[in-house]
Structures are given as structure tokens and as C-alpha cells.
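Enquirer: sharing a model that was predicted from the sequence below.
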Number of protein chains: 2
Amino acid sequence: MVFTPVRQARASGEIVLQIERAIFDGELRPGDRLESERELAEQFSVSRITVRDALRVLEARGLINVKVGATGGAFVSETNLDQVVGSISTMIALRKMTLSEPAEARTVVETATAELAAERADDAAIQRVGETVERGRSVVREQLPHTEASMDFHVAIAEAARNELLCATVRAYRDLLMQTLDDMRDVRSARATQKAHEEILEALRARDGEAAGKLMLEHLRDFEKRLRRYLQTKDATSDGRSQRKPAPRTARIERIERLRRASSR
Amino acid sequence: MVFTPVRQARASGEIVLQIERAIFDGELRPGDRLESERELAEQFSVSRITVRDALRVLEARGLINVKVGATGGAFVSETNLDQVVGSISTMIALRKMTLSEPAEARTVVETATAELAAERADDAAIQRVGETVERGRSVVREQLPHTEASMDFHVAIAEAARNELLCATVRAYRDLLMQTLDDMRDVRSARATQKAHEEILEALRARDGEAAGKLMLEHLRDFEKRLRRYLQTKDATSDGRSQRKPAPRTARIERIERLRRASSR
DNA sequence: GGCCGCGAATGGTACTACCATTCGCCGCGC
DNA sequence: GCGCGGCGAATGGTAGTACCATTCGCGGCC
């Protein structure tokens, strides 16, 4: 059978495709407002219910966001991976992935981005990396949480590598680790992190890809090690549930929900 | 403001959270069937509409799938990242990335996965990689398109690396490249690809991570080179649209739709 | 000139009804 | 007794209507 169905199983599916297509074709650009649900229903010759089903799907995919009120409606969203990242988090939690998975994935991806960044970053990009390092330094000095500054540094590196896909990947991994990292902050490791960052920045400025990659690798391996140790002590001090037992589900849920709230802000 | 809203903006959102939570907590396991929409509506004290809105969202997130009919209903799906991977592909396509980006990203990620695979794959996984190589060989012999077999090989490697997040990343990259690769098939490169795959498999069997990584790196660098050359000749022979012009949107849409069809099968 | 309130537009939800699909069960025919 | 076909029930999909809550703009009032 080489033919495709003449219509989607659901009418709402067809609507999703059409709107999606309009967005891809550029007929709808980020920020544009779709017609109201009632108008769309008329245009598609379906009921409002069907239109709403379609909008729900598009919303869940992060393609649009919906506001209520007089000037409300469905707006094509700026392309961002927040929704997708949320879905990934959900899936990962469901699969009971350990946090070491994103940590490991991050290590391999960011080692490469560091190399690339050193080789092809323009001055402005390096400048931006430098600013994040600067911010990190003052944060360490005042003994404030270092997590966010640290993450900004890594994203800046990825941006300097001039590959949007890698950058998106790094951001996704970052979001996965973010919430947990907030808990494991401690001053000593913040200082070590800051030192590593400054060394990497030097390598970037020297345009030494090999060194940058090597330093980043060390830095992230060290991070992986700290994370593992942290998870162990946490498991040990908790109420005895080990990795083999069902799961520390509740804690995980809270993290997920926190993440979702954060991304919806 | 440290307080959280007492309820979700939408009732359907609250329902999503509750069902999601039930899945996380293990009260609902993959394969389980939720109550019918009418029953759920009664339990939640809302209308069927609201329940359906919630189910749409959960479905879009890949947490459940819905069947019609007497024995139909919403079933907790086996956790798989297909929906998520699809969303990523959509987002990436929206950002109008050039094909060289996924190619490059793929190079760095898969080099690492090859190393990891060699170091930690179990025999069954290597066996599966071997099967894809075998299939590739017969495909080459009969001069059939090599793309799919080749991609299967790379996914098998990622699975062997025992890191689901990396595996999902590889699959996402793969989907992005797939369609274009279909066009650039040529017998010579298929043979070169096959040869590279067989060498990598050898390295895997020898548990030589360094060699596997090195071979994969060469293999993918070579692929990047071929891709670039192919894109150049294609640009030259096409109607002159360059990377700077708006975009070859239509082609991209078709690809996306093909992709979606493929993943929904 | 600024503030308040009213009304219109819009999404959110409810209720009802009917259709299409699917499957199990029962009865009919072999 | 066995199998097959059809009927009916359960379920999701869609339609239509109505009403509520939110939001914003506009006009009138202070």
C-alpha cells in the first residue's frame, strides 16, 4: 500500500498540520496572532471543540501560546525549546534515568563545543564568555549560589561555537541538571568551578581548541564525580531508598513541577 | 511572593498534573487503561470537555495514547521519546538551521557514543550492531539505498552506549538528516560507508574505545565533507537560491510531514 | 487630565446530543 | 458442534449552544 490516508484520523489532526505548515512556511511568524477560536472554527468548517483540540496540541508542542481576555488568542510563540525540554524531563524521570546520564551527555557534547568555540568564535562571543566568567567571579566572592552563573558560562561557550543545534542541545541538558544543582551548591566546589572556567576562557582567547577541549573535559569529569558523590551521600542520608528500590518519586515530581513552573513564567 | 497559586489557571492543567503524578508515582503503569472520559469527568467533577483537553496534552507529551472503540480509551504508553524527538525536530526545522549543523553536531556526539559503546556495551548490544552491519552489507550488494541501514547502525551504536539521553539526541539528529540523505545516495559512498561501519564494529568487538571513537570521527568527518560537496553541487544546479535567501520552505515541510508520518507508524 | 466603570471580545467550561469505530456476544446456518 | 455474520454496547470524536471569567479599550464622570 503506497497510498496515504486521504484525511487524518481526526479532524483536529488535520488542523494541527495546516497551522503547523503555515508556521513553517512563514505565513505565520512568531508573535502573530491566529484568528479567534470561533473564526477558525468557521474557516475550517468544524466546531470550536475541534479547533480547541488542535490548539491544545500545538500549545503542548510549544508552537503557540494562548492568552485569554479581550486581546487574547493564540499567538505563534518565539521558537524556544522550553516545552520540549519539559517533555524530555518528564520522559527522563519516567525512565528513571539517573542524573549521571545528562551529566555524561553534557561532558561529551560540551567538550566538543569548547573546541569548536576556541577555533571559530568571534571576538564579541569571547567577550560575552568573559562577561559570564566575570559575573561568576563576583558571585563566588560574595559566596552566593554559583549555579546560574556557571550555567550561563556554558551556554555562552556553546553560542560561541556557532552551531545552533549544539547550543540547543547544551541548553536542554543544562535545564535537566539545573534544579538538582541548586541543592548541591557548596562554596568549595564553586571556587573550583570558577577556576576551571577562567582557564577555559584563557584557552579560548588563545584560540587553542585542543586546550579548551581538554580543560572542559577535565572540568566536566570533575563535575560528574562531584555529582555522583553528592547523589550517594544524599541517598545514604535519605530514608534508605536505594537505586534499586522503586524510586524517589516524590522528590522527582517536585523537581519536575518546579521546572514546569519556571519555564511557564 | 513565595506562595504558589492555589489552583492551575485551567482546570485541565490540574488534571494533567494529577494524571502525570499518578503515572510518576507508579499508580498507573505502562499499558494501564485510564477510566473512560465520561467516568473521569465524573471523578474530577468537570465536564468531558475539560478531561479531553487534559488528555490531548498528555497525548502530545507522549504519556498516553488514545484508542477509539468499545475497548478503547486512554492507555499509559510505553515510555519512548518518539514524541519528544519529533518536537525537537520541529523546533530545529523552525530555526532554519542549515544541514551542516546537524552533521557537525552528529559528528561530535557520535564520536563520543562510539567510544562509550566500545567500553560498556554488553554482548547483546554488540550483536545488534553486528546485525545492522550485516543488513547494510546485503543492501550494498544489491545496490539498494543504503541510508536507512546506515542510520540503523548509528542508532544501534548509541543504544550500545547505554545512555538513553545520548541515544535520544542521536535519534533526533538522525531524523533531521534522514530525508536529505535519501537524495544524495550514490553507490560509491555507500560502499565507503559500509567499510567504515565494519571497521567500527571490529573496534567495538575488540572493546577498543579509542579506536572506535577515532574511526567514527573519521567516518563522520568524511560524511560531513560529502554532504558539503553535495549541497554545493545541488545549490549550483538549483534555481539559484542560496543560504541567504528566505528558505526552501516547501521542501522542508514535506520532509517534516514525511517524518511525522514515519514516526506515527 | 486622570480615574473608574461598563461593555465587548475571547478563551474556559458545561451540558446535551449524535456519529463513527471497535469489539464482544449471541444467534443463525452449515 | 463449530464458525461466521450481524447486532448492540461502549467509547472516543464532533457538533451546537450557552454561560462564565478574564482582559482590555473606550467613554463618561470627577
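Expert: Alright, I've got the coordinates.
Enquirer: output the set of residues of the stretch 51-200 of chain A in proximity to DNA strand D.
Expert: Residues of the stretch 51-200 of chain A lying close to DNA strand D (Cβ under 7 Å from any atom of the strand) are A:53, A:67, A:68, A:69, A:70, A:71, A:72. All C-beta spots, glycine's among them, are computed from the backbone N, C-alpha and C.
Enquirer: excluding its backbone neighbours, what's nearest the last one?
Expert: This means residue A:72. Closest residue to residue A:72 apart from its sequence neighbours, by Cβ to Cβ, 6 or more residues apart in numbering or on different chains: residue A:66 at 7.3 Å.
Enquirer: name the strands paired with the one helix or strand that neighbour maps to and say parallel or antiparallel.
Expert: Secondary structure assignment for residue A:66, by DSSP states H and E: strand A:64-67. Next to strand A:64-67 in the sheet, as set by DSSP bridges, lie strand A:73-76 (antiparallel).
Enquirer: give me the distance from the helix or strand hosting residue A:214 to the chain's centre.
Expert: Per DSSP H and E: residue A:214 is located in helix A:209-237. With Cα atoms, centre = their mean, to the nearest Å as the basis, helix A:209-237 stands 19 Å off its chain's centre.
Enquirer: ditto for stretch A:28-40
Expert: Per Cα atoms, centre = their mean, the centroid offset for stretch A:28-40 relative to its chain is 27 Å.
Enquirer: tell me the buried residues in it?
Expert: Residues of stretch A:28-40 classed as buried by neighbour count (16 or more other Cβ atoms under 10 Å in any protein chain shown): A:28, A:34, A:37, A:40.
Enquirer: in JSON lines, list those along with distance to DNA strand D, secondary structure and pLDDT.
Expert: Output for the buried residues of stretch A:28-40, formatted as JSON lines (distance: Cβ to the nearest atom of the strand, whole Å; DSSP: H, G, I helix; E, B strand; the rest coil; pLDDT from 0 to 100):
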{"residue": "A:28", "distance to DNA strand D": "21", "secondary structure": "coil", "pLDDT": "91"}
{"residue": "A:34", "distance to DNA strand D": "17", "secondary structure": "coil", "pLDDT": "95"}
{"residue": "A:37", "distance to DNA strand D": "9", "secondary structure": "helix", "pLDDT": "95"}
{"residue": "A:40", "distance to DNA strand D": "11", "secondary structure": "helix", "pLDDT": "95"}
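Enquirer: hey, C-alpha coordinates of the strand holding residue A:66 in PDB?
Expert: What follows is strand A:64-67, C-alpha atoms only, in PDB (Å, rounded to 0.1, in the frame of the first residue of the first chain):
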ATOM      1  CA  ILE A  64       1.800  28.600  20.100                       C
ATOM      2  CA  ASN A  65       0.700  30.000  23.500                       C
ATOM      3  CA  VAL A  66      -2.800  31.000  24.400                       C
ATOM      4  CA  LYS A  67      -4.000  34.100  26.300                       C
END
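Enquirer: can you map out the helices along chain A?
Expert: Applying DSSP state H to chain A gives helices spanning A:11-25, A:37-44, A:48-60, A:82-94, A:100-120, A:123-141, A:147-160, A:164-183, A:187-205, A:209-237, A:249-264.
Enquirer: near the closest residue to chain B within the stretch 151-265 of chain A, how many other residues are there?
Expert: When distances are taken as Cβ to the nearest Cβ, the stretch 151-265 of chain A reaches nearest to chain B at residue A:165, 4.5 Å away. Neighbours of residue A:165 under the rule other Cβ atoms under 10 Å in any protein chain shown: 24.
Enquirer: was I right about it contacting residue B:101?
Expert: Yes: between residue A:165 and residue B:101 there is a contact under Cβ atoms under 8 Å: 4.5 Å.
Enquirer: could I get the helices of chain A as CSV with distance to residue B:171?
Expert: What follows is those, written out as CSV (distance: least, Cβ to Cβ, whole Å):
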stretch, distance to residue B:171
helix A:11-25, 21
helix A:37-44, 33
helix A:48-60, 20
helix A:82-94, 12
helix A:100-120, 13
helix A:123-141, 30
helix A:147-160, 21
helix A:164-183, 13
helix A:187-205, 30
helix A:209-237, 23
helix A:249-264, 22
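Enquirer: low pLDDT regions in chain A?
Expert: Residue ranges of chain A with pLDDT under 70: A:1-8, A:80-82, A:84-86, A:88-89, A:92-98, A:179-187, A:234-265.
Enquirer: tell me how far the most centrally placed residue in it lies from residue A:140.
Expert: Nearest to the geometric centre of chain A sits residue A:172, at 2.7 Å (Cα atoms, centre = their mean). Per Cβ to Cβ, to the nearest Å, residue A:172 is found 26 Å from residue A:140.
Enquirer: repeat for residue A:157
Expert: Distance from residue A:157 to residue A:140, by Cβ to Cβ: 18 Å.
Enquirer: follow-up on the earlier one: for DNA strand C, see how far away the residue of the stretch 151-265 of chain A closest to chain B is.
Expert: Residue A:165 sits 32 Å away from DNA strand C, going by Cβ to the nearest atom of the strand, to the nearest Å.
Enquirer: go ahead and confirm residue A:44 touches residue A:15.
Expert: Yes: the criterion here is Cβ under 8 Å, and residue A:44 meets it with residue A:15 at 5.7 Å.
Enquirer: more neighbours, the two?
Expert: Shown here are residue A:44 and residue A:15; by other Cβ under 10 Å, residue A:15 has more neighbours (24 against 17).
Enquirer: and the more buried one, what does it touch?
Expert: A:40, A:44, A:46, A:50, A:51, A:54 (Cβ atoms under 8 Å, 6 or more residues apart in numbering or on different chains).
Enquirer: with residue A:67 instead?
Expert: Residue A:67 neighbours (Cβ under 8 Å, 6+ apart): A:73, A:75.
Enquirer: about what we covered before: format the buried residues of stretch A:28-40 as a markdown table; extra columns: distance to DNA strand C.
Expert: Formatted as a markdown table, the buried residues of stretch A:28-40 follow (distance: Cβ to the nearest atom of the strand, whole Å):
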| residue | distance to DNA strand C |
| --- | --- |
| A:28 | 14 |
| A:34 | 7 |
| A:37 | 4 |
| A:40 | 8 |
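Enquirer: if we can go back for a sec, mind listing what's buried in the strand holding residue A:66?
Expert: Result for strand A:64-67 [16+ other Cβ under 10 Å]: buried residues A:64, A:65, A:66.
Enquirer: let me see the domain layout of chain A.
Expert: A:11-76, A:82-264 (automatic domain parsing).
Enquirer: can you redo the ones you listed as CSV with distance to residue B:176?
Expert: Listed next are those as CSV, based on distance: least, Cβ to Cβ, whole Å:
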stretch, distance to residue B:176
domain A:11-76, 14
domain A:82-264, 8
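Enquirer: returning to that earlier point: out of the residues of the stretch 51-200 of chain A next to DNA strand D, which is nearest to residue A:219?
Expert: Closest approach to residue A:219 among these (Cβ to Cβ): residue A:67, at 42.1 Å.
Enquirer: write out the residues of the stretch 51-200 of chain A neighbouring DNA strand C.
Expert: A:52, A:55, A:66, A:67, A:68, A:69, A:70, A:71, A:72, A:73, A:74.
Enquirer: of the residues you listed, just the buried ones, PyMOL syntax please.
Expert: Per 16+ other Cβ under 10 Å, the buried members of those correspond to this PyMOL selection:
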select buried, chain A and resi 52+55+66+73+74
